[in-house]
Each structure stands twice: as structure tokens, then as C-alpha cells.
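**Q** sequence below, structure please.
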Amino acid sequence: MEKTSNIFVVAADIGWSDVGSWATVYELQRKDADGNVRSGRSLCLYSKGNMIVSPRKLVVTVGVHDLVVVETDDALLVATRDHSQDVGKAVQELERHGFTRLL
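**A** Numbering: from 1, shown residues only. Sure, this is the predicted structure:
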């Protein structure tokens, strides 16, 4: 970039979100009428404010609120949105217990 002569700069206030937790990801996504964010196949009955990421399995929620449910090939995360920033602590515990192949 030092030797480039045709650089233009435009000042802009575009906001910033540090996507460091599932709660932040939830806030940035489009929600259904009950405030659920759903990726993959899911059915939410009497359930509000949940985030479901499940590309392979059908997830059915009944009467739950403010959960994060994330399915991967070899693990399932279920947490309240309020505690989704603690996933790092769960990773540390998995490492401590020798489950490094899951990380």
C-alpha cells in the first residue's frame, strides 16, 4: 500500500460488533415472529428467543426460552443466551478432561 498512489479514504460511522459469543450472533440475525433464530430444520412450539444452528438434524423445542442450541458433527452445545459467552470456559474444561479431538 505504501507505493500505491490511487487510494481514497471515506470517513464513515458503520458501527462495530465483536462477534465473540452466540448471544452477539443472535442479535445480528433475522428472527421469526417469536424471536427465534433458526438455521437448518427446526420446529419451535411455545418457544421464544432461541438460536438454533443445526445443519443436519431436526431440532424441536417445546416451551423453552433464550437458549442457544448448536449441533456439529461430534458435539451438541446447549446453553442459555446469557451464558453463551462462557463457551470458552467449556472449551478449557474439555481440554482439561482430554477431549481435545472435539475442539
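**Q** give the buried residues for the lengthiest helix in the chain.
**A** If you go by DSSP state H, the chain has its longest helix at helix 87-96. Across helix 87-96, burial judged by 16 or more other C-beta atoms under 10 Å covers residue 87. Where you see a C-beta, it was placed from the backbone N, CA and C, and this is true even at glycine.
**Q** how near is the residue nearest the centre of the chain to residue 10?
**A** Nearest to the geometric centre of the chain sits residue 22, at 3.2 Å (C-alpha atoms, centre = their mean). To residue 10, residue 22 is 33 Å away according to C-beta to C-beta, to the nearest Å.
**Q** ok, residue 47 next?
**A** Per C-beta to C-beta, residue 47 is found 43 Å from residue 10.
**Q** list the contacts for the nearest residue to residue 80 once chain neighbours are set aside?
**A** With sequence-adjacent residues excluded and distances taken as C-beta to C-beta, 6 or more residues apart in numbering, residue 80 is closest to residue 66, at 5.7 Å. Residue 66 makes contact with 48-50, 80-82 under the criterion C-beta atoms under 8 Å, 6 or more residues apart in numbering.
**Q** closest one of the residues you listed to residue 40?
**A** residue 50 (12.7 Å; C-beta to C-beta).
**Q** how many neighbouring residues does that closest one have?
**A** By other C-beta atoms under 10 Å, the residues close to residue 50 number 25.
**Q** that one and residue 61 touch, don't they?
**A** Yes - using C-beta atoms under 8 Å, residue 50 is in contact with residue 61, at 5.9 Å.
**Q** which neighbours do these two share?
**A** Shared contacts of residue 50 and residue 61, defined by C-beta under 8 Å, 6+ apart, are found at 36, 44, 67, 69.
**Q** just put those residues in a markdown table and tack on distance to residue 76 and pLDDT.
**A** Compiled in a markdown table, the shared contacts of residue 50 and residue 61 are given as follows (distance: C-beta to C-beta, whole Å; pLDDT from 0 to 100):
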| residue | distance to residue 76 | pLDDT |
| --- | --- | --- |
| 36 | 18 | 98 |
| 44 | 17 | 97 |
| 67 | 12 | 97 |
| 69 | 7 | 96 |
